[in-house]
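Student: need coordinates for the below:
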Amino acid sequence: MESALTARDRVGVQDFVLLENFTSEAAFIENLRKRFKENLIYTYIGSVLVSVNPYKELEIYSKQHMERYRGVSFYEVSPHLYAIADNSYRSLRMERKDQCILISGESGAGKTEATKKILQYYAVTCPASEQVETVKDRLLQSNPVLEAFGNAKTLRNDNSSRFGKYMDVQFDYKGAPVGGHILNYLLEKSRVVHQNHGERNFHIFYQLLEGAEDELLRRLGLEKNPQQYHYLVKGQCARVSSISDKNDWKIVRKALSVINFTDNEVEDLLSIVASVLHLGNVQFADDEQGNAQVTTENQIKYLARLLGVGGSLLREALTHKTIIAKGEELVSPLNLEQAAYARDALAKAVYGRTFSWLVNKINKSLAYKKQKRGRRSATVLGLLDIYGFEVFQHNSFEQFCINYCNEKLQQLFIELTLKSEQEEYESEGIAWEPVQYFNNKIICDLVEEKFKGIISILDEECLRPGDATDMTFLEKLEETVKNHPHFLTHKLADQKTRKSLDREQFRLLHYAGEVTYSVTGTSYTTVTPLPDIGTMCNSENPIINHCFERSELTDKRRPETAATQFKNSLSKLMEILMSKEPSYIRCIKPNDAKQAARFDEVLIRHQVKYLGLMENLRVRRAGFAYRRKYEIFLQRYKSLCSETWPMWEGRQHDGVAVLVKHLGYKPEEYKMGRSVISFFPNLWLSHLGVCSFLQYDTFWFLLSSAITIQSWWRGTQGRRKAAKKKRAVETIRRFIKGFIYRNYPRCSENEYFLDYIRYSFLMNLKRNVPKNVLDKSWPTPPPSLCEVSQLLRQLCMQNMVWSYCKRISPEWKQQLDQKVVASEIFKDKKDNYPQSVPRLFINTRLGTEEINPKVLQILKNETIKYAVPVVKYDRKGYKPRARHLLLTQSTIFVVEEAKIKQRIDYANLTGISVSSLSDSVFVLHVRCEDNKQKGDVVLQSDHVIETLTKIAMSADKVNNVNISQGSIKFTIGQGKEGIIDFTSGSELLIAKAKNGHLAVVSVFSVRGCRAWEGK
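Tutor: Predicted structure coming up:
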């Protein structure tokens, strides 16, 4: 480690454990001063990090610095926030145990910044994927949103967290952050309606006014000037030089979109923020009866629109209260003071509940999506950033809760570091000299003890029947805890002390020092009576509607006080922290003026005292630098000794004894307890840490083992590679020789080549075998497989045809049969045949309902196979007549409505004539020997291809279809003939020509055009 440090890094000592005069507080502070002067703001006390706020930007948080600390042993590099973050992360991954980092210190010491730096470190150094990047972004972007709604400028800190935040970051089995969850504690809601001089309300109000677009402000009914709003002027500090509200607004708007807020949700959220400002501007005046009346109707209109409630209902809620007496509801008017209380109570409730909704919304966006079954569940690393110890000139109920929280955290620190360590030595039977420290359990009990603690007394006073006041609460306190050494009031104090205590104040002697609290407003603050929330329950604003549930209207249970709620939530937080392996960052504020390079020794001495840093240092020096259970120690370092490697068969205690003896440790350097081995911190081990030394030896052992394994494996790979090359050379040689002898009879020189050629052809055929009967492709076979290839091709075609035929339905088979016949007759012979190919032939073109019933009755013994409407041309004059053409099993009928005009037996049908053009005229030639027959029939059908195919198949006249070019002769009667002349034209025309012939002009077709071009 020393070789990696620069001269600047060696200023003072990096670990207070190495201080020669470790019992001297002055030496402790002097070491802090030296390092602070050189901008070395981090120093260790063993594994605890002490951080001093520099009040300026330092170039120690770049990606290069992050990589420097990534995966490096804790003591190998200089102290840093990143070392704590990386050590916790590696412990989480290696030991699969949940971790937490507790960041403590008073307001302005840099706790919030430390939290952000740790999150940034994990965002950069942890494994990444698209989903993980989304989670990282949301984890980082949740900070500016929570800071905007939960942080404010105070006298001590321009960005003070006015709520407690505990964030769990969830990591999957790969070590990637996959989710998170935030718990918030005790938002300082009183700040919404009141700020001390020199302080501001929450950042979001000023960011909205300063940064929002004019159109958004117009919709919200706001002006840019903060002086216009009653809730923003009390601190007389609307603008601060160190804060850019306009830039912060842009960051917050971007962050809201990253953490999955829709535009409507952002609009609803900002409407609530604006409504709080409007509530502050609601003013009241007395009426004749002394009751409060709203005098600012314009504000009520804005509030009604922004909160989505009725204006009259809201006005009623602010000026009246509902009392339930003997089951009856009584509405009572409020006076001016009560109405102002009701207004402020509503503002605090709306903002406080909206903040809780905001945290829940962020939690939903960070929620861990559980992986598939069989995967290990996520491990958790917690970050606690909670308000520091506060002492103001006027300390109210909020400061009491904040300092109580710090007492609990100090108690946790004592339990996990000082008390637990000493108790462990005693339980292990290890002799050592105990270190004296102040155990603040006595103060925690004073606050939280059942029936006798301050919170219990406050609850009892606030919830008892009758008129409870702040002074009755103080009197009850004096009566109950008057003998407690850490409690004092004006009444209980001596004459000298009374001068510094008012009658409405009490004083607690905290671990950090004395704090005087005022009881004024305590009973009101802990049980704040809300106006009629039924109005809010009916809100059209989704957020307000969610925050004010209707169940509250019917819930008759007595609500818990704010103090009890905070005590219970704090108790749950302590349980969470106790279940995790803690790491500590103790933050120190160097001065109250927030100035860089200024070191206030008095202030720092006070913080060193109440943070318990000296006691922690004495325990570290008097105790042991490194402790591990036998089984863990042996499992981790057994590879360093041949007797314990690879497996120790005896007792764990004996195995550890053999191991440390082999490593050469002297008996005075370690102690062996009942289940734990502990090492003393001598000078060299303190520099590197015993753990680092042992890991160093383990590293070299594992490195040499890895080199041996690598050399063997590389040799094996080299031999395999050489054998592979040799086989490749032999194969190439055999191929070349086989190619030379390929035309010779099969012999030893060419058999491998010929076999491969056959195999290649068959595999190629397998991959490229035709998929249907229309696919005529086939791989070219080698000469030796030509006969086999031809047989395989025939078999393949037969198989495809058989498979295809097997899948054909009877209806489709009939369709195909007809299409085949049509192809035989008309393909390349008639112009309009191609248009008929894609169209399916229909079973019949006329349904039975379209045929005259009399005709059906005449044909009752015969089944109609096909019917189609046609046009018949008279033999004399060629007049067109609409007719039906019916095909039965043995006969063709030409029907006119109810009459059968002509009957043609298939036996008397001698042929069918049709032109080669695209017309639809055809002639049925009939024998004239039968006197019943009047001659040939000239017909026209819109479905000529289909109709002629049906006739030809039904009459078995497929070979008797004559396709003529130019003209067709037909028999008119006994011994007489008629002629039909066919020509092409621009439009279809059928009429009698001057020469007495029937002239048919068909539309000029593409096929005809191509024919003419050919000529």
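Student: can you report how many residues lie near Pro838?
Tutor: For Pro838, the count of nearby residues is 6 (other C-beta atoms under 10 Å). (C-beta placed from N, C-alpha, C; glycine too.)
Student: and it, what's its pLDDT?
Tutor: On pLDDT, Pro838 comes in at 89.
Student: now swap in the one 10 residues further on and tell me
Tutor: Confidence per residue is given as pLDDT, and for Thr848 that number is 85.
Student: neighbours around it, how many?
Tutor: 10.
Student: specify the local secondary structure of Glu57.
Tutor: coil (DSSP: H, G, I helix; E, B strand; the rest coil).
Student: check the gap between it and Val294 for me.
Tutor: 49 Å (C-beta to C-beta, to the nearest Å).
Student: helix, strand or coil for Phe881?
Tutor: For residue 881 the amino acid is Arg, not Phe. Taking three-state DSSP, the label given to Arg881 is strand.
Student: for Gly382, same thing?
Tutor: strand.
Student: Glu57 and Val294 - which one has more neighbours?
Tutor: Val294 (19 against 8).
Student: beta partners of that one?
Tutor: Per DSSP bridges, the residues bridged to Val294 are Phe284.
Student: who touches Ser365 in this structure?
Tutor: By C-beta atoms under 8 Å, 6 or more residues apart in numbering, Ser365 lies in contact with 138, 259-260.
Student: please, which helix or strand holds it?
Tutor: helix 336-366 (DSSP states H and E).
Student: show me what contacts the closest residue to Leu81 other than its chain neighbours?
Tutor: Nearest non-adjacent residue to Leu81, counting by C-beta to C-beta, 6 or more residues apart in numbering: Lys117, 5.4 Å away. Applying C-beta under 8 Å, 6+ apart to Lys117 gives the contacts 61, 81-82.
Student: quick check: the nearest residue to Asn291 once chain neighbours are set aside vs Val282, distance?
Tutor: Leaving aside its sequence neighbours, Asn291 sits nearest to Pro333 (C-beta to C-beta, 6+ apart; 3.9 Å). Counting by C-beta to C-beta, the gap from Pro333 to Val282 is 16 Å.
Student: look at the two and report which has more neighbours.
Tutor: Val282 (25 against 16).
Student: assign that one to helix, strand or coil.
Tutor: Applying three-state DSSP: Val282 is coil.
Student: surely it touches Leu318?
Tutor: Yes - if you go by C-beta atoms under 8 Å, Val282 and Leu318 touch, sitting 6.7 Å apart.
Student: which neighbours do those two share?
Tutor: In contact with both Val282 and Leu318: 294, 343, using C-beta under 8 Å, 6+ apart.
Student: state the pLDDT value of the residue lying closest to Gly164 once chain neighbours are set aside.
Tutor: Of all residues not flanking Gly164 in the chain, Tyr185 sits nearest, at 3.4 Å (C-beta to C-beta, 6+ apart). Per-residue confidence at Tyr185 stands at 83 (pLDDT).
Student: try Asn568
Tutor: 87.
Student: for it, give me its contacts.
Tutor: The contact partners of Asn568, by C-beta under 8 Å, 6+ apart, come to Glu560.
Student: need the contact partners of stretch 825-832.
Tutor: With contact meaning C-beta under 8 Å, 6+ apart, stretch 825-832 is reached by 833, 836, 914-920, 944-945, 948-949, 952, 958, 961, 963, 1002, 1005, 1007-1008.
Student: and stretch 820-837, which residues are buried?
Tutor: For stretch 820-837, burial by neighbour count (16 or more other C-beta atoms under 10 Å) applies to 821-822, 825-826, 830-834, 836.
Student: please compute how far it lies from its chain's middle.
Tutor: Here stretch 820-837 is found 64 Å from its chain centre; the criterion is C-alpha atoms, centre = their mean, to the nearest Å.
Student: quick one on the thing from earlier: surely the residue nearest to Gly164 meets Asp385?
Tutor: No - the pair Tyr185 / Asp385 is not scored as a contact, 10.6 Å apart, by C-beta under 8 Å.
Student: of these two, which one has the most company?
Tutor: Asp385 (26 against 20).
Student: list phi and psi for the more buried one.
Tutor: phi -120, psi 100 (degrees, to the nearest 10).
Student: what are the bridge partners for it, then?
Tutor: Beta-bridge partners, per DSSP bridges, of Asp385: Ile103, Lys165.
Student: let's see if you can find the most crowded of the contacts of Ser365.
Tutor: Ile259 (21 neighbours).
Student: residue contacts, it?
Tutor: By C-beta under 8 Å, 6+ apart, the neighbours of Ile259 are 138, 141-142, 145, 361-362, 365-366.
Student: gap between it and Glu475?
Tutor: Per C-beta to C-beta, Ile259 is found 49 Å from Glu475.
Student: again with Glu423
Tutor: Taking C-beta to C-beta, one finds Glu423 at 41 Å from Glu475.
Student: please identify which of the two sits among more neighbours.
Tutor: Glu475 (14 against 11).
Student: hang on, the more buried one in a helix?
Tutor: Yes - Glu475 sits within a helix when classified using three-state DSSP.
Student: ok, now how distant is it from Thr561?
Tutor: 18 Å.
Student: also Lys771?
Tutor: 81 Å.
Student: which one's more surrounded, the two?
Tutor: The neighbour count for Lys771 versus Thr561, taken as other C-beta under 10 Å, is higher for Thr561 (21 against 9).
Student: need the phi and psi values for the more buried one.
Tutor: According to degrees, to the nearest 10, Thr561 has phi -80, psi 160.
Student: thinking it is in contact with Glu460, fair?
Tutor: No - assessed by C-beta under 8 Å, Thr561 is found out of contact with Glu460, at 9.8 Å.
Student: tell me the contacts of the residue nearest to Gly164?
Tutor: Contacts of Tyr185 by C-beta under 8 Å, 6+ apart are 163-166, 386, 405, 566, 569-570, 573.
Student: for Gly110, state which of these is nearest.
Tutor: Ile386 (13.6 Å; C-beta to C-beta).
Student: next, count neighbours for the closest one.
Tutor: Neighbours of Ile386 using other C-beta under 10 Å come to 24.
Student: quick one: residues contacting the nearest residue to it once chain neighbours are set aside.
Tutor: Spatially, and ignoring its direct neighbours in sequence, Ile386 is nearest to Gly164 (3.8 Å; C-beta to C-beta, 6+ apart). Gly164 is in contact with 184-186, 385-387, 405, counting by C-beta under 8 Å, 6+ apart.
Student: report pLDDT for Gly164.
Tutor: pLDDT, Gly164: 85.
Student: that one and His510: what is the separation?
Tutor: From Gly164 to His510 the distance is 17 Å (C-beta to C-beta).
Student: do the same with Pro542
Tutor: 43 Å.
Student: which one of the two is surrounded by more residues?
Tutor: More neighbours surround His510 than the other of Pro542 and His510, with 20 against 13 (other C-beta under 10 Å).
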